[in-house]
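Asks: test case, fold it:
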Amino acid sequence: MNNLSKELLRNFESAHKEDIETITQVLARITTKSPDEIKPHLDAMLERLVQPQQVQRSLYETATPEELAQVFREWAESHDRNSPLLSDYAVSRESMYSDEEL
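Replies: Residues are numbered from 1 along each chain as shown. This is a model prediction of the structure:
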């Protein structure tokens, strides 16, 4: 945890001290665990929730063309080659845009 995250967590905990205590007591009651046992779990959860979220960029934004090609090949190879093929009608324009109502 970096210093910014620690500072955010400390500020959050001080601003919401009573609420955190209430949550701890409720969790203690419904889990039959002591507040001392619950506190580390609640702290870890709050740490994850309060820390600034890094923006996750998608693969197509960060990968090189070679990496994209490799990922595509791996994806294509992950499919079962023995799957039955669709009929010509199933992939025809007529089947996709038929005026027939079911």
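Asks: and stretch 11-22, which residues are buried?
Replies: By neighbour count on 16 or more other C-beta atoms under 10 Å, the buried set for stretch 11-22 is Phe12, Ile20. Heads up, the C-betas are built off the backbone N, CA and C, glycines and all.
Asks: show me how far that stretch is from its chain's centre.
Replies: 26 Å (C-alpha atoms, centre = their mean, to the nearest Å).
Asks: what of stretch 61-78?
Replies: Centroid displacement of stretch 61-78 relative to its chain, using C-alpha atoms, centre = their mean, is 21 Å.
Asks: residues contacting that stretch, please?
Replies: With contact meaning C-beta atoms under 8 Å, 6 or more residues apart in numbering, stretch 61-78 is reached by Leu59, Tyr60.
Asks: could I have it exported to CSV, CA atoms only?
Replies: The C-alpha trace of stretch 61-78 is given here as CSV (Å, rounded to 0.1, in the frame of the first residue of the first chain):
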residue,chain,number,x,y,z
GLU,A,61,-5.1,-0.1,-26.4
THR,A,62,-1.9,-1.5,-24.9
ALA,A,63,-0.8,-4.4,-27.1
THR,A,64,1.5,-4.3,-30.1
PRO,A,65,0.1,-5.6,-33.4
GLU,A,66,2.2,-8.8,-32.9
GLU,A,67,0.8,-9.3,-29.4
LEU,A,68,-2.8,-8.8,-30.7
ALA,A,69,-2.1,-11.4,-33.4
GLN,A,70,-0.7,-13.9,-30.9
VAL,A,71,-3.7,-13.4,-28.6
PHE,A,72,-6.1,-13.9,-31.5
ARG,A,73,-4.3,-17.1,-32.6
GLU,A,74,-4.5,-18.5,-29.1
TRP,A,75,-8.2,-17.6,-28.9
ALA,A,76,-8.9,-19.3,-32.3
GLU,A,77,-6.9,-22.4,-31.3
SER,A,78,-8.8,-22.7,-28.1
